[in-house]
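In: would you be able to build a 3D model of this:
(chains A and B)
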Amino acid sequence: MDANPLLVSVTRRFVEQALENFVDDADLVSRVAMAAHELLENAAKYARQGKAVLSIVLDRVGDEEGQLTLRLINEANPAHIDRLREVFSRIDGCEDPLVMYVGLMRRNARDRDISGLGLARIRAEGDMTLNLDIDGEIATIAARATVPAVSHT
Amino acid sequence: MATTTSTSGSGISAQSADFSATAACQDRTVAATLTGTADLTAKKALDDFLSRLHDTARSQGVAEVVVDFKSLAFMNSSCLKGFVTWICAVQELPPQTQYRIVLVSSPQMLWQQRSLHALSCLATDLVTLQS
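Out: Model (predicted):
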């Protein structure tokens, strides 16, 4: 898709409505929709040529516990890739995602140009694990959440 | 992305495509309400609104600013950052001129519970949550 800022909210609502058909967990749907929004907005701001691919994979057998993966792929310039690596080193090294997130809020409070909070928000508020893969100028970010088993009690 | 902001008397308002914010001062409290979706298209309007909200709260010497999020469908991290900047600005005021901040959420809006809790962790002595 073209990572147009105007399309980001439209896509978040689409993800939310689509997931509601497959996952009976309003909290999880809300967290994943937020993550989709933040990933796409990053692409809208930083992807080369404004192009990005977002995929959602729900990996679950029957009613058993499963995993949901959001994956965003886009081309990025070297400066942005360096920044992504820096953010991921902070996220990967943290013991408590909320403490890391609030610390980042304080650190970035005076920075007028960027929020720098999107990925930390996915980790802390979304309770999703994050993975970064760089191949040349192609950045792939995967955000994963556990989908709880369906209870029939 | 057209945005409009205005201040009249003790009232403040801001509007963009799918976002609006209003605030009014009564006695020693400012009551603000946010509506719609706070995404990239609303960032400038929200930042201007929060800046004028802070100026009004200081000039009127208010004790409390109450922000009602209940009709806000979503807020992105760029707009959340606007609240971070505002809360940190209140924290940096001399203690006698600081004012309390109350963030009101809807139990049905699950993102609000998570995002506003994180914001409150910035300044537990100044920010309280209500739902």
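
In: can you point out the buried residues in the longest helix seen in chain A?
Out: The longest helix of chain A (DSSP state H) is helix A:26-46. By 16 or more other CB atoms under 10 Å in any protein chain shown, the buried positions in helix A:26-46 come out as A:28-46. All C-beta spots, glycine's among them, are computed from the backbone N, C-alpha and C.

In: what pLDDT does the residue nearest in space to the middle of chain A get?
Out: Closest residue to the average C-alpha location of chain A: A:A35 at 3.8 Å, with CA atoms, centre = their mean. With respect to pLDDT, A:A35 has a value of 98.

In: and what of A:G93?
Out: Model confidence at A:G93 (pLDDT) stands at 88.

In: how about stretch A:92-106, does it reach chain B?
Out: Yes: counting by CB under 8 Å from any CB of the partner chain, chain B is contacted by stretch A:92-106 at A:98, A:101-102, A:105-106.

In: list of residues touching stretch B:45-55?
Out: Outside of stretch B:45-55, the residues within contact range by CB atoms under 8 Å, 6 or more residues apart in numbering or on different chains are B:3-5, B:7, B:12-16, B:19, B:21, B:23, B:30, B:32, B:34, B:38, B:65, B:79, B:82-83, B:85-86, B:89-90.

In: of the residues you listed, keep whichever come out buried.
Out: B:3, B:5, B:7, B:12-16, B:19, B:21, B:23, B:30, B:32, B:34, B:38, B:65, B:79, B:82-83, B:85-86, B:90.

In: B:L126 against B:V102, yeah?
Out: No: counting by CB atoms under 8 Å, B:L126 stays clear of B:V102, with 9.9 Å between them.

In: before we move on, the earlier item: go ahead and confirm the residue nearest to the centre of chain A touches A:L72.
Out: No: the criterion here is CB under 8 Å, and A:A35 misses it with A:L72 at 9.5 Å.

In: any residues in contact with both of the two?
Out: By CB under 8 Å, 6+ apart, no residue touches both A:A35 and A:L72.

In: hey, which helix is longest across chain B?
Out: In chain B, with assignment by DSSP H, the single longest helix is helix B:43-60.

In: which residues does the next helix or strand after it contact?
Out: As assigned by DSSP states H and E, the chain's next helix or strand after helix B:43-60 is strand B:64-75. Outside strand B:64-75, the residues that touch it by CB under 8 Å, 6+ apart are A:9, A:12, A:34, A:37, B:28-39, B:53, B:57, B:99-106, B:109, B:111-112, B:115-116.

In: which of those residues fall in strands?
Out: The strands, defined by DSSP state E, take in B:29-38, B:100-104 from those.

In: out of those, which touch chain A?
Out: Contacts with chain A are made by B:T37 out of the ones in strands among the contacts of strand B:64-75, judged by CB under 8 Å from any CB.

In: and which of the ones in strands among the contacts of strand B:64-75 is nearest to chain A?
Out: Lowest distance from chain A to the ones in strands among the contacts of strand B:64-75 (CB to the nearest CB) belongs to B:T37, with 5.6 Å.

In: contact residues of chain B facing chain A?
Out: Counting by CB under 8 Å from any CB, the residues of chain B near chain A are B:18, B:37, B:39-41, B:74, B:76-78, B:80-81, B:84-85, B:88, B:110-111, B:114-115, B:118-119, B:121-122.

In: the closest residue to A:E38 other than its chain neighbours: neighbouring residues, count only.
Out: Residue nearest to A:E38 in three dimensions, not counting chain neighbours: A:G118, with 3.9 Å by CB to CB, 6 or more residues apart in numbering or on different chains. If you count neighbours by other CB atoms under 10 Å in any protein chain shown, A:G118 ends up with 24.

In: element containing A:M100?
Out: Going by DSSP H and E, A:M100 is part of helix A:97-108.

In: for B:S77, what are its contacts?
Out: A:38, A:41, A:115, A:117-118, A:121.
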